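Enquirer: starting from these lines, generate the structure:
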Amino acid sequence: MADLYIYYDEKGPTDTIRITKNNEFNFLVSSDKLIEYYGFYLIIEDDNLNSINSAYKKLEESRKNEGGRELKSRSNLPRKKNIEKKGFGAFRHVHINFYNQLLDILIDNGYNYQLVVTNKAFSLISDILKPWIDWYEKNIGYIHVPLVEYTINKFLINEKESSSNFFEIIKQSQRKDIPVNVVLDELIVSFENFIKKYKKISKYKLAIENFEYIGRLFRNRPENEVLLGKVHEISSDDLYFGFDLLCEEAKLNYNDMIFCFDEESLDECFFKNKDKFKNVSEKNSITTVGIRISDMLVGLFGSLVDSFGIAVKADEHKKLNYLPQEFFEEIDNEQFYFIKKISKFLKLPNFIFNYFHSIYNDNLMSFISFMKVISTYKSYEEYERILRNNVKSLIEEHFKFFSSQFNDMEQKWMDSESYIRLLGATHKELYDKGYIRKY
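Expert: Below is the predicted model:
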């Protein structure tokens with residue numbers, strides 16, 4: 001079999017996670033305000049590499065400024081605040097033309113990929129809860145870990161006012177030792193306050209039941225205080241676990257792989273500590289076309305997925321979190337077919353693990369649901385008729401797709417957790433053996 005070249009780049013480095021002054025989760029060394037960490041594995045067979053390299057270099061030459069500097073995704077995307085406000089409606093001809101040509105190069109020549117989306121808040125919460133989860137399962141019994149982590153994650157992302165004291169504790173933990181029990185106590189109080197405030201609102205019935213379940217769990221804790229760690233990072237084990245799943249599903253052979261990653265992204269030890277990676281090299285993006293393409297793609301999808309997360313933050317608790325009407329109304333003919341092209345690119349390899357994400361992935365699900373809605377229409381004229389006559393139906397269709405995806409994900413939780421219970425093992429035992437991802 002031909003060699004496989006794997007190119008990896010990321011958006012938002014994997015260094016220390018912190019909480020910023022406005023209670024957003026961010027990376028210590030990152031200047032962006034992205035909600036998620038994004039990575040993109042671009043997989044190209046040796047037989048296709050020369051034609052892709054040649055075509056992309058021609059595309060670059062047509063776009064480079066007079067200084068001849070390397071093209072970066074940020075120079076070929078709309079301003080972040082415009083994408084957050086309008087979604088695809090922010091893309092102009094200059095952006096669309098470039099990305100259409102790039103996607104055509106890959107579609108015409110062959111590729112595979114994995115888009116990684118890991119919520120920064122989830123990584124932090126997972127690290128914080130891990131010592132308590134390990135103690136609880138060793139001394140008391142099984143915990144439905146995905147439900148606990150997802151519920152807390154969503155609460156902290158959407159209810160910053162109710163959880164302001166929690167944020168303050170985490171900020172303090174980055175400067176001094178803080179017991180885990182202090183965090184558990186604060187979350188119990190935050191949940192109780194939320195329940196009192198919204199117990200009569202039907203929208204929150206299930207959430208309140210989950211808060212009550214977690215509150216009961218949190219009242220069990222070790223007598224010896226366990227201290228929070230001061231450094232919280234995206235888990236390289238988790239990124240590796242996800243890529244390994246794609247390799248198994250797509251029947252990719254590690255022995256055939258030549259792994260190239262941007263010298264400014266993941267640390268080299270991430271790959272070299274894994275026995276399966278045989279041929280790994282740190283590359284300068286200036287000299288490596290595949291990394292430059294990966295940068296363009298992770299920038300595109302990172303900006304889009306984040307915008308779909310920001311757009312659905314509701315101010316009124318009594319209303320469902322529908323996607324704003326502007327995300328549908330701002331789409332013109334060119335943007336419509338650009339969405340269709342992206343849908344074609346994402347679906348072509350068609351493996352389950354072309355996406356790998358954290359348990360909390362509402363933003364990714366919202367983006368995918370939007371793509372599904374738009375892709376159901378064969379032409380812009382057909383879409384425009386619906387837009388003129390009943391834009392509300394588009395918004396409701398998006399919410400239906402989103403809810404369906406969440407229900408599917410929840411069922412997968414239940415199935416996997418049922419299997420874990422049948423094994424009679426703790427999450428730590430299974431993680432240590434490499435059977436489950438980071439928890």
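Enquirer: show me the contact partners of stretch 427-439.
Expert: The contact list for stretch 427-439, computed with C-beta atoms under 8 Å, 6 or more residues apart in numbering, reads 126, 130, 133-134, 137-138, 143, 145, 149, 235, 237-238, 241-242, 416, 420, 423. To be clear about C-beta, it is placed using only N, CA and C from the backbone, and glycine gets the same treatment.
Enquirer: and if we set it to 7 Å?
Expert: Defining contact as C-beta atoms under 7 Å, 6 or more residues apart in numbering, one finds that stretch 427-439 is touched by S126, I133, D134, E137, V145, S235, D237, D238, F241, I420.
Enquirer: measure it end to end?
Expert: 7 Å (C-alpha to C-alpha, to the nearest Å).
Enquirer: same check, this time on stretch 153-173
Expert: With C-alpha to C-alpha as the measure, stretch 153-173 spans 18 Å from end to end.
Enquirer: now that stretch: buried residues?
Expert: By neighbour count on 16 or more other C-beta atoms under 10 Å, the buried set for stretch 153-173 is 153-159, 162-163, 166-167, 169-170, 173.
Enquirer: same check on stretch 404-419?
Expert: For stretch 404-419, the neighbour count (16+ other C-beta under 10 Å) marks Q405, F406, M409, E417 as buried.
Enquirer: including pLDDT and distance to L206, could those go into a markdown table?
Expert: Below are the buried residues of stretch 404-419 laid out as a markdown table (pLDDT from 0 to 100; distance: C-beta to C-beta, whole Å):
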| residue | pLDDT | distance to L206 |
| --- | --- | --- |
| Q405 | 86 | 17 |
| F406 | 84 | 11 |
| M409 | 85 | 15 |
| E417 | 87 | 17 |
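Enquirer: which two among the residues you listed are spaced furthest apart?
Expert: Q405 and E417 (18.6 Å; C-beta to C-beta).
Enquirer: Q405 against F370, yeah?
Expert: No. Contact between Q405 and F370 fails when scored by C-beta atoms under 7 Å: they sit 11.4 Å apart.
Enquirer: tell me which residue lies nearest the centroid of the chain.
Expert: V117 (2.1 Å; C-alpha atoms, centre = their mean).
Enquirer: helix, strand, or coil at it?
Expert: Taking DSSP: H, G, I helix; E, B strand; the rest coil as the rule, one finds V117 in the strand state.
Enquirer: and it, how far from N361?
Expert: V117 sits 6 Å away from N361, taking C-beta to C-beta, to the nearest Å as the criterion.
Enquirer: for A207, same thing?
Expert: A207 is 17 Å from N361, by C-beta to C-beta.
Enquirer: more neighbours: which of the two?
Expert: Per other C-beta atoms under 10 Å, whichever of A207 and N361 has more neighbours is N361, with 25 against 19.
Enquirer: against which helices or strands is the longest helix anywhere in the chain packed?
Expert: Longest helix in the chain by number of residues (criterion: DSSP state H): helix 380-423. Helices and strands touching helix 380-423, by 3 or more C-beta pairs under 7 Å, 6 or more residues apart in numbering; DSSP states H and E, are helix 145-158, helix 326-329, helix 333-347, helix 362-375.
Enquirer: pretty sure L71 contacts R63?
Expert: Yes. L71 lies in contact with R63 (C-beta under 7 Å); the separation is 6.0 Å.
Enquirer: ok, these two, which is more surrounded?
Expert: L71 (19 against 14).
Enquirer: residues in contact with the more buried one?
Expert: Contacts of L71 were listed using C-beta under 7 Å, 6+ apart, and they are E60, R63, K64, R292.
Enquirer: where in the stretch 101-250 of the chain is pLDDT low?
Expert: For the stretch 101-250 of the chain, the stretches flagged by pLDDT under 70 are 174, 224, 226-232.
Enquirer: which residues of it fall in strands?
Expert: Using DSSP state E, counting those that start in this stretch, the strands assigned to the stretch 101-250 of the chain run over residues 112-119.
Enquirer: which stretches of it form helices?
Expert: Per DSSP state H, counting those that start in this stretch, the stretch 101-250 of the chain carries helices over the ranges 120-139, 145-158, 164-173, 180-198, 205-218, 236-250.
Enquirer: distance to G309 for the ones you listed - can I get that in a markdown table?
Expert: Listed next are the helices of the stretch 101-250 of the chain as a markdown table, based on distance: least, C-beta to C-beta, whole Å:
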| stretch | distance to G309 |
| --- | --- |
| helix 120-139 | 11 |
| helix 145-158 | 8 |
| helix 164-173 | 18 |
| helix 180-198 | 21 |
| helix 205-218 | 18 |
| helix 236-250 | 20 |
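Enquirer: name the SS class of the residue lying closest to S73 once chain neighbours are set aside, please.
Expert: Sequence neighbours aside, G299 is the residue nearest to S73 in space, at 2.4 Å (criterion: C-beta to C-beta, 6 or more residues apart in numbering). Classification of G299 using three-state DSSP returns helix.
Enquirer: swap in Y8?
Expert: strand.
Enquirer: quick check: it touching S294?
Expert: Yes. Using C-beta under 7 Å, Y8 is in contact with S294, at 6.3 Å.
Enquirer: so the strand ranked longest in the chain versus helix 120-139, what angle?
Expert: Longest strand of the chain, by residue count under DSSP state E: strand 36-45. Calculated by axes from the mean of the first three to the mean of the last three C-alpha atoms, to 10 degrees, strand 36-45 forms an angle of 100 degrees with helix 120-139.
Enquirer: immediately after strand 36-45, which helix or strand?
Expert: helix 46-63 (DSSP states H and E).
Enquirer: and R69, what pLDDT?
Expert: The model reports R69 with a pLDDT of 65.
Enquirer: how about stretch 45-58: buried residues?
Expert: Neighbour count says stretch 45-58 has E45, N48, L49, I52, N53, A55, Y56 buried, by 16+ other C-beta under 10 Å.
Enquirer: meant to ask about stretch 240-253
Expert: Applying 16+ other C-beta under 10 Å to stretch 240-253 flags Y240, F241, G242, F243, D244, L245, L246, C247, A250, L252 as buried.
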